[in-house]
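Asker: after the sequence you'll find the predicted model.
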Amino acid sequence: MTTVRDGGPGAGLREEAAPAGADGEGGRAFRTVQWIGDALGGRLRMIDQTLLPTRFIEIDCNDVESVWQAIKTLSVRGAPAIGVAAAYGAVIGARSRGTSDPATIREALREAAAHLRTSRPTAVNLFWALDRMEAAADSARRVAEVPLLDHLLAEAHAIADEDRAMCRAIGRHGADLLAAGDGVLTHCNAGGLATADYGTALALIFTAHEQGKAVHVFADETRPLLQGARLTAWELANRGIDVTLICDNMAAQVMKEGKVQVVVVGADRIAANGDAANKIGTYGVAVLAKAHGIPFYVAAPSSTFDLSLADGSGIPIEERDPREITEGFGRRTAPEGVGVYNPAFDVTPAALITGIVTERGLVRPVDAATIRAVLGTPQAAS
Ligand SMILES: CSC[C@H]1O[C@H](OP(=O)(O)O)[C@H](O)[C@@H]1O
(Lines give C-alpha, C1' and ligand atoms only; values in the text may rest on other atoms or scores of the structure.)
Protein backbone atom coordinates (compact mmCIF):
# COMPACT_ATOMS: atom_id res chain seq x y z
CA MET A 1 0.00 0.00 0.00
CA THR A 2 1.55 3.32 -0.98
CA THR A 3 0.63 6.94 -0.30
CA VAL A 4 -0.09 8.57 -3.59
CA ARG A 5 -1.37 12.02 -3.12
CA ASP A 6 -1.13 14.02 0.02
CA GLY A 7 -3.29 17.07 0.31
CA GLY A 8 -1.02 18.10 3.16
CA PRO A 9 -1.77 18.64 6.84
CA GLY A 10 -4.86 20.68 7.44
CA ALA A 11 -6.15 19.94 3.95
CA GLY A 12 -9.52 19.83 5.64
CA LEU A 13 -12.07 21.80 3.72
CA ARG A 14 -9.64 23.69 1.57
CA GLU A 15 -10.29 23.70 -2.17
CA GLU A 16 -7.32 21.49 -2.81
CA ALA A 17 -8.83 18.92 -0.49
CA ALA A 18 -11.01 17.71 -3.32
CA PRO A 19 -9.40 17.00 -6.68
CA ALA A 20 -10.18 19.25 -9.63
CA GLY A 21 -12.75 18.14 -12.15
CA ALA A 22 -16.28 18.92 -11.03
CA ASP A 23 -18.66 16.02 -11.21
CA GLY A 24 -21.19 18.17 -12.97
CA GLU A 25 -23.44 18.34 -9.98
CA GLY A 26 -21.91 21.45 -8.48
CA GLY A 27 -19.69 19.51 -6.16
CA ARG A 28 -15.94 19.32 -6.10
CA ALA A 29 -15.58 15.79 -7.39
CA PHE A 30 -13.56 13.08 -5.79
CA ARG A 31 -13.35 9.38 -6.50
CA THR A 32 -13.74 7.34 -3.34
CA VAL A 33 -12.47 4.19 -5.02
CA GLN A 34 -10.99 3.89 -8.52
CA TRP A 35 -8.82 1.65 -10.68
CA ILE A 36 -5.71 3.12 -12.26
CA GLY A 37 -4.26 1.31 -15.32
CA ASP A 38 -5.05 -1.97 -17.05
CA ALA A 39 -5.87 -5.39 -15.67
CA LEU A 40 -2.30 -6.59 -15.48
CA GLY A 41 -0.41 -3.55 -14.24
CA GLY A 42 -3.20 -1.50 -12.71
CA ARG A 43 -3.89 -0.77 -9.07
CA LEU A 44 -6.77 0.12 -6.77
CA ARG A 45 -6.64 3.72 -5.56
CA MET A 46 -8.80 4.95 -2.69
CA ILE A 47 -9.11 7.90 -0.37
CA ASP A 48 -7.88 6.92 3.09
CA GLN A 49 -10.98 7.95 5.01
CA THR A 50 -9.37 7.38 8.42
CA LEU A 51 -7.38 10.60 7.84
CA LEU A 52 -10.29 12.86 6.83
CA PRO A 53 -11.18 15.63 7.36
CA THR A 54 -7.77 17.04 8.19
CA ARG A 55 -5.77 15.18 5.55
CA PHE A 56 -6.78 14.13 2.03
CA ILE A 57 -4.55 11.16 1.25
CA GLU A 58 -5.06 8.58 -1.49
CA ILE A 59 -3.53 5.16 -1.16
CA ASP A 60 -2.85 2.52 -3.81
CA CYS A 61 -3.46 -1.16 -3.13
CA ASN A 62 -1.52 -3.66 -5.22
CA ASP A 63 -2.24 -6.88 -3.37
CA VAL A 64 -5.27 -8.55 -1.81
CA GLU A 65 -4.02 -8.20 1.75
CA SER A 66 -3.80 -4.41 1.46
CA VAL A 67 -7.37 -4.33 0.16
CA TRP A 68 -8.43 -6.53 3.07
CA GLN A 69 -6.67 -4.19 5.51
CA ALA A 70 -8.19 -1.09 3.91
CA ILE A 71 -11.69 -2.53 4.38
CA LYS A 72 -11.01 -3.79 7.90
CA THR A 73 -9.48 -0.52 9.14
CA LEU A 74 -12.13 1.59 7.39
CA SER A 75 -9.75 3.35 5.04
CA VAL A 76 -12.55 2.46 2.67
CA ARG A 77 -15.99 2.05 4.25
CA GLY A 78 -19.65 2.28 3.46
CA ALA A 79 -21.50 -0.70 2.03
CA PRO A 80 -21.36 0.20 -1.69
CA ALA A 81 -17.78 1.48 -1.50
CA ILE A 82 -16.73 -1.74 0.22
CA GLY A 83 -18.38 -3.71 -2.58
CA VAL A 84 -16.56 -1.75 -5.27
CA ALA A 85 -13.22 -2.08 -3.45
CA ALA A 86 -13.76 -5.82 -3.05
CA ALA A 87 -14.56 -6.21 -6.76
CA TYR A 88 -11.26 -4.58 -7.71
CA GLY A 89 -9.56 -6.58 -4.96
CA ALA A 90 -10.80 -9.72 -6.69
CA VAL A 91 -9.12 -8.55 -9.92
CA ILE A 92 -5.88 -8.01 -8.03
CA GLY A 93 -6.18 -11.52 -6.63
CA ALA A 94 -7.01 -13.04 -10.00
CA ARG A 95 -3.76 -11.79 -11.55
CA SER A 96 -1.62 -12.64 -8.54
CA ARG A 97 -0.32 -15.94 -9.95
CA GLY A 98 1.20 -14.16 -12.98
CA THR A 99 -0.39 -16.42 -15.58
CA SER A 100 -3.02 -16.06 -18.30
CA ASP A 101 -4.23 -19.61 -17.72
CA PRO A 102 -8.01 -19.24 -17.10
CA ALA A 103 -8.26 -22.11 -14.62
CA THR A 104 -5.44 -20.66 -12.51
CA ILE A 105 -6.95 -17.16 -12.72
CA ARG A 106 -10.32 -18.49 -11.57
CA GLU A 107 -8.73 -20.36 -8.68
CA ALA A 108 -6.74 -17.27 -7.63
CA LEU A 109 -9.88 -15.13 -7.79
CA ARG A 110 -11.83 -17.56 -5.62
CA GLU A 111 -8.98 -17.56 -3.10
CA ALA A 112 -8.91 -13.76 -3.01
CA ALA A 113 -12.69 -13.57 -2.67
CA ALA A 114 -12.65 -16.04 0.22
CA HIS A 115 -10.12 -13.87 2.04
CA LEU A 116 -11.91 -10.59 1.32
CA ARG A 117 -15.14 -12.07 2.64
CA THR A 118 -13.55 -12.23 6.10
CA SER A 119 -12.81 -8.49 6.26
CA ARG A 120 -16.19 -7.27 7.60
CA PRO A 121 -19.46 -9.21 8.08
CA THR A 122 -22.37 -6.78 7.91
CA ALA A 123 -22.38 -4.89 4.61
CA VAL A 124 -23.95 -7.30 2.14
CA ASN A 125 -22.48 -5.38 -0.82
CA LEU A 126 -19.10 -6.98 -0.05
CA PHE A 127 -20.51 -10.46 -0.58
CA TRP A 128 -22.78 -9.41 -3.44
CA ALA A 129 -19.83 -7.93 -5.34
CA LEU A 130 -17.58 -10.96 -4.75
CA ASP A 131 -20.37 -13.34 -5.77
CA ARG A 132 -20.73 -11.32 -8.95
CA MET A 133 -16.99 -11.39 -9.69
CA GLU A 134 -16.88 -15.16 -9.25
CA ALA A 135 -19.91 -15.51 -11.52
CA ALA A 136 -18.16 -13.35 -14.11
CA ALA A 137 -15.09 -15.61 -13.97
CA ASP A 138 -17.26 -18.68 -14.51
CA SER A 139 -19.41 -17.11 -17.20
CA ALA A 140 -16.28 -16.07 -19.11
CA ARG A 141 -16.03 -19.67 -20.29
CA ARG A 142 -18.87 -18.91 -22.64
CA VAL A 143 -17.95 -15.39 -23.87
CA ALA A 144 -15.64 -14.51 -26.75
CA GLU A 145 -12.02 -15.05 -25.92
CA VAL A 146 -11.42 -11.66 -24.33
CA PRO A 147 -8.49 -12.27 -22.01
CA LEU A 148 -10.09 -13.36 -18.78
CA LEU A 149 -8.38 -10.66 -16.70
CA ASP A 150 -9.73 -7.95 -19.01
CA HIS A 151 -13.17 -9.49 -18.65
CA LEU A 152 -12.89 -9.42 -14.86
CA LEU A 153 -11.68 -5.82 -14.79
CA ALA A 154 -14.61 -4.87 -17.02
CA GLU A 155 -16.98 -6.51 -14.51
CA ALA A 156 -15.46 -4.58 -11.62
CA HIS A 157 -15.76 -1.35 -13.62
CA ALA A 158 -19.40 -2.23 -14.31
CA ILE A 159 -20.06 -2.64 -10.58
CA ALA A 160 -18.53 0.78 -9.92
CA ASP A 161 -20.35 2.45 -12.81
CA GLU A 162 -23.67 0.89 -11.81
CA ASP A 163 -23.19 2.13 -8.27
CA ARG A 164 -22.62 5.67 -9.53
CA ALA A 165 -25.81 5.45 -11.58
CA MET A 166 -27.79 3.93 -8.70
CA CYS A 167 -26.71 6.75 -6.37
CA ARG A 168 -27.98 9.40 -8.76
CA ALA A 169 -31.22 7.52 -9.29
CA ILE A 170 -31.66 7.33 -5.51
CA GLY A 171 -31.11 11.06 -5.39
CA ARG A 172 -33.76 11.65 -8.06
CA HIS A 173 -36.32 9.36 -6.41
CA GLY A 174 -35.63 10.73 -2.94
CA ALA A 175 -35.21 14.47 -3.45
CA ASP A 176 -39.00 14.88 -3.66
CA LEU A 177 -39.20 13.74 -0.04
CA LEU A 178 -37.39 16.92 1.00
CA ALA A 179 -38.98 20.36 0.94
CA ALA A 180 -37.11 23.65 0.71
CA GLY A 181 -36.18 24.79 4.20
CA ASP A 182 -36.44 21.32 5.77
CA GLY A 183 -34.21 20.31 8.63
CA VAL A 184 -32.79 16.91 7.69
CA LEU A 185 -31.06 14.72 10.24
CA THR A 186 -28.67 12.02 9.15
CA HIS A 187 -26.51 9.51 11.00
CA CYS A 188 -23.02 8.28 10.11
CA ASN A 189 -21.90 8.84 6.51
CA ALA A 190 -23.90 7.66 3.53
CA GLY A 191 -22.39 10.13 1.11
CA GLY A 192 -20.02 9.90 -1.81
CA LEU A 193 -17.36 8.53 0.54
CA ALA A 194 -19.58 5.51 1.28
CA THR A 195 -20.17 4.69 -2.38
CA ALA A 196 -18.46 4.82 -5.75
CA ASP A 197 -19.45 8.47 -5.58
CA TYR A 198 -22.42 10.75 -4.78
CA GLY A 199 -23.85 8.66 -1.96
CA THR A 200 -27.20 7.24 -0.93
CA ALA A 201 -28.74 9.17 1.99
CA LEU A 202 -26.74 12.26 1.07
CA ALA A 203 -27.76 11.82 -2.56
CA LEU A 204 -31.24 13.05 -1.59
CA ILE A 205 -29.70 16.17 -0.10
CA PHE A 206 -27.25 16.74 -2.97
CA THR A 207 -30.02 16.36 -5.57
CA ALA A 208 -32.42 18.63 -3.67
CA HIS A 209 -29.61 21.20 -3.47
CA GLU A 210 -28.98 20.92 -7.21
CA GLN A 211 -32.71 21.43 -7.76
CA GLY A 212 -32.47 24.68 -5.82
CA LYS A 213 -34.11 23.26 -2.68
CA ALA A 214 -31.92 24.36 0.20
CA VAL A 215 -32.18 22.19 3.29
CA HIS A 216 -30.33 22.34 6.59
CA VAL A 217 -28.64 19.16 7.70
CA PHE A 218 -28.06 17.98 11.26
CA ALA A 219 -25.21 15.48 11.14
CA ASP A 220 -24.85 13.13 14.09
CA GLU A 221 -21.16 12.89 14.85
CA THR A 222 -21.71 9.11 15.16
CA ARG A 223 -19.52 7.68 17.89
CA PRO A 224 -17.20 5.94 18.21
CA LEU A 225 -15.57 6.42 14.81
CA LEU A 226 -17.17 9.79 14.06
CA GLN A 227 -18.06 9.17 10.41
CA GLY A 228 -20.68 11.91 10.74
CA ALA A 229 -18.30 14.53 12.08
CA ARG A 230 -15.28 13.55 10.02
CA LEU A 231 -16.94 12.57 6.73
CA THR A 232 -20.55 13.79 6.39
CA ALA A 233 -19.82 17.30 7.66
CA TRP A 234 -16.78 17.40 5.34
CA GLU A 235 -18.76 16.30 2.28
CA LEU A 236 -21.65 18.71 2.93
CA ALA A 237 -19.41 21.67 3.68
CA ASN A 238 -17.39 20.92 0.54
CA ARG A 239 -20.60 21.24 -1.44
CA GLY A 240 -21.69 24.41 0.30
CA ILE A 241 -24.64 22.76 2.05
CA ASP A 242 -25.67 24.05 5.47
CA VAL A 243 -24.73 21.48 8.08
CA THR A 244 -24.79 21.53 11.87
CA LEU A 245 -22.77 18.91 13.67
CA ILE A 246 -24.38 17.46 16.78
CA CYS A 247 -23.41 14.81 19.29
CA ASP A 248 -25.47 11.65 18.94
CA ASN A 249 -27.18 12.36 22.28
CA MET A 250 -28.52 15.67 20.95
CA ALA A 251 -30.76 14.16 18.27
CA ALA A 252 -33.79 14.05 20.59
CA GLN A 253 -33.37 17.71 21.55
CA VAL A 254 -33.18 19.03 17.99
CA MET A 255 -36.25 16.97 17.15
CA LYS A 256 -38.09 18.29 20.21
CA GLU A 257 -37.16 21.86 19.20
CA GLY A 258 -38.90 21.27 15.85
CA LYS A 259 -35.67 21.65 13.87
CA VAL A 260 -35.94 18.29 12.09
CA GLN A 261 -38.60 17.56 9.47
CA VAL A 262 -37.04 14.45 7.91
CA VAL A 263 -34.51 11.80 8.86
CA VAL A 264 -32.58 9.97 6.13
CA VAL A 265 -29.87 7.38 6.68
CA GLY A 266 -28.00 4.73 4.69
CA ALA A 267 -27.98 0.98 5.17
CA ASP A 268 -25.52 -1.90 5.15
CA ARG A 269 -27.92 -4.79 4.76
CA ILE A 270 -31.71 -4.84 4.36
CA ALA A 271 -33.66 -8.05 4.94
CA ALA A 272 -36.60 -9.22 2.82
CA ASN A 273 -39.14 -7.69 5.20
CA GLY A 274 -37.41 -4.28 5.24
CA ASP A 275 -35.54 -4.54 8.56
CA ALA A 276 -32.39 -2.49 7.95
CA ALA A 277 -28.93 -2.73 9.48
CA ASN A 278 -27.02 0.50 9.66
CA LYS A 279 -24.41 2.21 11.82
CA ILE A 280 -24.91 1.81 15.55
CA GLY A 281 -27.26 4.46 16.83
CA THR A 282 -29.55 4.38 13.80
CA TYR A 283 -32.18 2.29 15.61
CA GLY A 284 -32.25 4.87 18.39
CA VAL A 285 -32.71 7.69 15.89
CA ALA A 286 -35.61 5.75 14.32
CA VAL A 287 -37.29 5.38 17.72
CA LEU A 288 -36.83 9.11 18.37
CA ALA A 289 -38.23 9.98 14.94
CA LYS A 290 -41.29 7.83 15.63
CA ALA A 291 -41.79 9.47 19.01
CA HIS A 292 -41.67 12.93 17.40
CA GLY A 293 -43.81 12.06 14.36
CA ILE A 294 -40.89 12.65 11.97
CA PRO A 295 -40.60 10.55 8.77
CA PHE A 296 -37.59 8.20 8.81
CA TYR A 297 -36.21 7.13 5.43
CA VAL A 298 -33.50 4.67 4.51
CA ALA A 299 -31.69 5.20 1.22
CA ALA A 300 -29.98 2.18 -0.33
CA PRO A 301 -29.34 0.58 -3.71
CA SER A 302 -30.79 -2.82 -4.57
CA SER A 303 -27.29 -4.29 -3.98
CA THR A 304 -27.79 -3.64 -0.25
CA PHE A 305 -30.84 -5.90 -0.01
CA ASP A 306 -30.34 -9.47 1.20
CA LEU A 307 -33.58 -11.15 0.25
CA SER A 308 -32.24 -14.49 1.48
CA LEU A 309 -32.93 -13.20 5.02
CA ALA A 310 -36.59 -13.16 6.03
CA ASP A 311 -35.99 -10.47 8.63
CA GLY A 312 -33.24 -8.52 10.36
CA SER A 313 -32.58 -11.15 13.05
CA GLY A 314 -30.23 -12.93 10.67
CA ILE A 315 -28.06 -9.92 9.84
CA PRO A 316 -24.53 -10.44 11.23
CA ILE A 317 -23.51 -7.50 13.41
CA GLU A 318 -19.82 -6.64 13.45
CA GLU A 319 -18.22 -6.07 16.82
CA ARG A 320 -15.10 -3.98 16.67
CA ASP A 321 -12.04 -3.31 18.81
CA PRO A 322 -12.96 -1.82 22.23
CA ARG A 323 -10.10 0.63 21.84
CA GLU A 324 -12.19 2.49 19.26
CA ILE A 325 -14.23 3.57 22.29
CA THR A 326 -11.63 3.74 25.06
CA GLU A 327 -8.86 5.36 23.01
CA GLY A 328 -10.72 6.83 20.07
CA PHE A 329 -9.71 10.42 20.72
CA GLY A 330 -6.00 9.81 20.86
CA ARG A 331 -6.06 9.37 24.64
CA ARG A 332 -7.54 6.84 27.03
CA THR A 333 -11.05 7.90 28.06
CA ALA A 334 -11.92 4.90 30.25
CA PRO A 335 -10.21 3.04 33.11
CA GLU A 336 -7.94 0.16 32.18
CA GLY A 337 -9.74 -3.16 32.09
CA VAL A 338 -13.28 -1.76 32.02
CA GLY A 339 -15.72 -3.91 30.04
CA VAL A 340 -16.56 -2.46 26.61
CA TYR A 341 -19.27 -3.38 24.10
CA ASN A 342 -18.67 -2.06 20.58
CA PRO A 343 -21.26 -3.29 18.06
CA ALA A 344 -20.69 -1.34 14.83
CA PHE A 345 -24.29 -1.68 13.62
CA ASP A 346 -27.85 -2.11 14.79
CA VAL A 347 -31.04 -3.16 13.03
CA THR A 348 -34.01 -0.84 12.61
CA PRO A 349 -37.28 -2.78 12.32
CA ALA A 350 -39.32 -2.13 9.19
CA ALA A 351 -42.17 -0.81 11.35
CA LEU A 352 -40.07 2.24 12.22
CA ILE A 353 -39.11 2.98 8.59
CA THR A 354 -41.40 5.32 6.64
CA GLY A 355 -39.88 4.33 3.30
CA ILE A 356 -36.79 2.95 1.62
CA VAL A 357 -35.47 4.96 -1.33
CA THR A 358 -33.85 2.74 -3.94
CA GLU A 359 -32.61 3.37 -7.48
CA ARG A 360 -35.80 1.69 -8.69
CA GLY A 361 -38.18 3.83 -6.65
CA LEU A 362 -39.62 4.29 -3.18
CA VAL A 363 -40.53 1.25 -1.10
CA ARG A 364 -43.55 2.33 0.94
CA PRO A 365 -45.07 0.73 2.92
CA VAL A 366 -41.95 -1.12 3.98
CA ASP A 367 -42.86 -4.78 3.69
CA ALA A 368 -41.79 -7.85 1.73
CA ALA A 369 -44.47 -7.48 -0.92
CA THR A 370 -43.60 -3.88 -1.69
CA ILE A 371 -39.89 -4.66 -1.72
CA ARG A 372 -40.42 -7.45 -4.22
CA ALA A 373 -42.66 -5.21 -6.32
CA VAL A 374 -40.10 -2.41 -6.44
CA LEU A 375 -36.93 -4.50 -6.76
CA GLY A 376 -38.26 -7.24 -8.97
CA THR A 377 -36.54 -10.63 -8.87
CA PRO A 378 -34.88 -11.51 -5.56
CA GLN A 379 -31.10 -11.96 -5.29
CA ALA A 380 -29.30 -14.23 -2.86
CA ALA A 381 -26.21 -13.06 -1.02
CA SER A 382 -23.59 -15.19 0.72
C1 LIG B 1 -24.10 3.92 1.91
S2 LIG B 1 -23.73 2.75 3.08
C3 LIG B 1 -23.15 3.72 4.38
C4 LIG B 1 -23.21 3.01 5.68
O5 LIG B 1 -21.98 2.33 5.99
C6 LIG B 1 -21.54 2.83 7.25
O7 LIG B 1 -20.88 1.89 8.03
P8 LIG B 1 -19.26 1.90 8.03
O9 LIG B 1 -18.82 3.34 8.05
O10 LIG B 1 -18.90 1.15 9.29
O11 LIG B 1 -18.84 1.16 6.79
C12 LIG B 1 -22.81 3.28 7.93
O13 LIG B 1 -23.57 2.22 8.40
C14 LIG B 1 -23.45 3.98 6.77
O15 LIG B 1 -24.81 4.29 6.92
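Answerer: All right, it came through fine.
Asker: residues of the stretch 201-350 of the chain that sit close to the ligand?
Answerer: With the criterion set to C-beta under 6 Å from any ligand atom, the stretch 201-350 of the chain comes near the ligand through Gln227, Val265, Gly266, Asp268, Asn278, Lys279, Ala344. C-beta here means a position set from N, CA and C on the backbone, and glycine is covered the same way.
Asker: what sits closest to the residue nearest the centre of the chain if chain neighbours are left out?
Answerer: For the chain, the residue nearest the mean C-alpha position is Gly78 (2.3 Å; C-alpha atoms, centre = their mean). Excluding the flanking residues, the one nearest Gly78 by C-beta to C-beta, 6 or more residues apart in numbering is Ala194, at 2.4 Å.
Asker: find me the pLDDT at that neighbour, would you?
Answerer: Ala194 is assigned a predicted lDDT (pLDDT) of 98.
Asker: got it, and the one 5 residues further on?
Answerer: On pLDDT, Gly199 comes in at 98.
Asker: and the one 4 residues further on, by the same measure?
Answerer: The confidence metric pLDDT takes the value 98 at Ala203.
Asker: how about it, secondary structure?
Answerer: Secondary structure, DSSP: H, G, I helix; E, B strand; the rest coil: Ala203 is helix.
Asker: circling back to that earlier point, count of residues packed around the residue nearest to Gly78?
Answerer: By other C-beta atoms under 10 Å, 31 other residues sit near Ala194.
Asker: quick check: phi and psi at His216.
Answerer: phi -110, psi 130 (degrees, to the nearest 10).
Asker: who's it bridged to?
Answerer: Gly183 (DSSP bridges).
Asker: I'd say it and Gly183 touch.
Answerer: Yes - His216 lies in contact with Gly183 (C-beta atoms under 8 Å); the separation is 5.2 Å.
Asker: returning to that earlier point: and the residue nearest to the centre of the chain, what does it touch?
Answerer: Applying C-beta atoms under 8 Å, 6 or more residues apart in numbering to Gly78 gives the contacts Thr32, Ala123, Asn189, Ala190, Leu193, Ala194, Thr195, Gly266.
Asker: let's see that with 7 Å instead.
Answerer: By C-beta atoms under 7 Å, 6 or more residues apart in numbering, the contact list for Gly78 reads Asn189, Ala190, Leu193, Ala194, Thr195.
Asker: surely the residue nearest to Gly78 and Ala81 touch.
Answerer: Yes - counting by C-beta atoms under 7 Å, Ala81 is a contact partner of Ala194 at 5.4 Å.
Asker: which is the next helix or strand following the lowest-mean-pLDDT helix or strand in the chain?
Answerer: Every helix and strand in the chain was compared by mean pLDDT, DSSP states H and E; the lowest is strand 2-6, with a mean of 61. Where DSSP states H and E defines the elements, the next helix or strand beyond strand 2-6 is strand 33-36.
Asker: are that following strand and the ligand in contact anywhere?
Answerer: No - using C-beta under 6 Å from any ligand atom, strand 33-36 stays clear of the ligand, with a minimum separation of 12.7 Å.
Asker: gap between the lengthiest helix in the chain and the chain center?
Answerer: In the chain, with assignment by DSSP state H, the single longest helix is helix 148-175. Distance of helix 148-175 from its chain centroid, counting by C-alpha atoms, centre = their mean, to the nearest Å, is 13 Å.
Asker: name the SS class of whatever residue of the stretch 1-150 of the chain ends up closest to the ligand, please.
Answerer: Closest residue of the stretch 1-150 of the chain to the ligand, C-beta to the nearest ligand atom: Arg77 (3.4 Å). Look at Arg77: counting by three-state DSSP, its state is coil.
Asker: could you check which helix or strand contains the nearest residue to it once chain neighbours are set aside?
Answerer: Closest residue to Arg77 apart from its sequence neighbours, by C-beta to C-beta, 6+ apart: Gln49 at 6.1 Å. Under DSSP H and E, no helix or strand contains Gln49.
Asker: which ones are touching Gln49?
Answerer: Applying C-beta under 7 Å, 6+ apart, the residues near Gln49 are Leu74, Ser75, Val76, Arg77, Leu193, Leu231.
Asker: quick check, pLDDT for the fourth one.
Answerer: I take that to be Arg77. 98.
Asker: that one: how many residues sit nearby?
Answerer: Arg77 has 27 neighbouring residues, counting by other C-beta under 10 Å.
Asker: the second one now?
Answerer: Neighbours of Ser75 under the rule other C-beta under 10 Å: 21.
Asker: show me where the protein has its helices.
Answerer: 64-72, 79-94, 102-116, 124-139, 148-175, 201-210, 227, 233-238, 251-256, 282-291, 323-326, 368-375.
Asker: how far away is Lys290 from the ligand?
Answerer: Separation of Lys290 from the ligand (C-beta to the nearest ligand atom, to the nearest Å): 19 Å.
Asker: tell me the pLDDT at that residue?
Answerer: On the pLDDT scale, Lys290 gets 98.
Asker: just to revisit the earlier point, neighbour count for His216 and Gly183, which is higher?
Answerer: Gly183 (20 against 17).
Asker: from what I see, Cys61 and Leu44 are in contact.
Answerer: Yes - at 4.4 Å, Cys61 counts as touching Leu44 under the criterion of C-beta under 7 Å.
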